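**Q** Okay, sequence plus prediction incoming.
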Amino acid sequence: MKLFVCLLLAALSPSIVFANPATDLLPSAEAPAAPAFPVTSPERWLNSPPLTWGALRGKVVLVDFWTFDCWNCFRSFPWLTDLETRLAQEDLQVVGVHSPEFDHEKVTRSIVEKAREFGLTHPIVIDNDMHIWRAFENRYWPAYYLIDRQGRVRARFVGETHAGDAQATAIEAAIQTLLTEE
């Protein structure tokens, strides 16, 4: 089934990076560098000053694309928050990218309120102009990109995720593998 989904998505978007269905990770030699976070204005970052890949080097990063009116996104937050809690002592950093689908989702005050309501304490960049979305060639909410310690995109997962489901298990296994790499 996973291979079918990858092939279907590849047909819809051939330039998107896909994880190897057997390992869920692209080999590091084939993995592209993660696109920069071009948003440097502090008022466009929640829970953190503006981040760069240089500042995140040495950490495994889970980039979470979401928007606050997306049911699949906020239904995934309990798993994401639990993951952060369980791996708090590891070199894992979650970075949320709030990329709005609708104009009303561009209101910073509303994004702040929703992040608080959902209990999101990790850094969140407000991507109102969709620059980060386009740089990652993303097309889905939610979408999760795993970035290795050297800043390379090693995997991408899409869709609602819950603790213990097949996708959560695959993401967590991929994170554990990346945490063991130098």
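**A** Happy to help now that I have it.

**Q** contacts for the helix or strand harbouring residue 171?
**A** Using DSSP states H and E, residue 171 maps to helix 166-180. With contacts defined as Cβ atoms under 8 Å, 6 or more residues apart in numbering, helix 166-180 is touched by 2, 19, 23-25, 60, 62, 79, 83, 87, 90-92, 144, 146, 148-149, 154-155, 157, 159, 161-162. Every C-beta, even on glycine, is put in place using the N, C-alpha and C of the backbone.

**Q** can we see that at 10 Å?
**A** With Cβ atoms under 10 Å, 6 or more residues apart in numbering as the test, helix 166-180 has contacts from 1-2, 19, 21, 23-25, 28, 59-62, 76, 79-80, 82-83, 86-87, 90-92, 144, 146-149, 152, 154-155, 157-165.

**Q** ranges for the strands of this structure?
**A** 45-46, 60-66, 92-98, 124-126, 143-147, 153-158 (DSSP state E).

**Q** Would you format those as JSON lines with mean pLDDT included?
**A** What follows is the strands of the chain, written out as JSON lines (pLDDT from 0 to 100):
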{"stretch": "strand 45-46", "mean pLDDT": "98"}
{"stretch": "strand 60-66", "mean pLDDT": "98"}
{"stretch": "strand 92-98", "mean pLDDT": "98"}
{"stretch": "strand 124-126", "mean pLDDT": "98"}
{"stretch": "strand 143-147", "mean pLDDT": "98"}
{"stretch": "strand 153-158", "mean pLDDT": "98"}
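
**Q** Could you dump those strands into a markdown table and include distance to residue 35?
**A** Formatted as a markdown table, these follow (distance: least, Cβ to Cβ, whole Å):
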| stretch | distance to residue 35 |
| --- | --- |
| strand 45-46 | 16 |
| strand 60-66 | 10 |
| strand 92-98 | 11 |
| strand 124-126 | 12 |
| strand 143-147 | 10 |
| strand 153-158 | 8 |
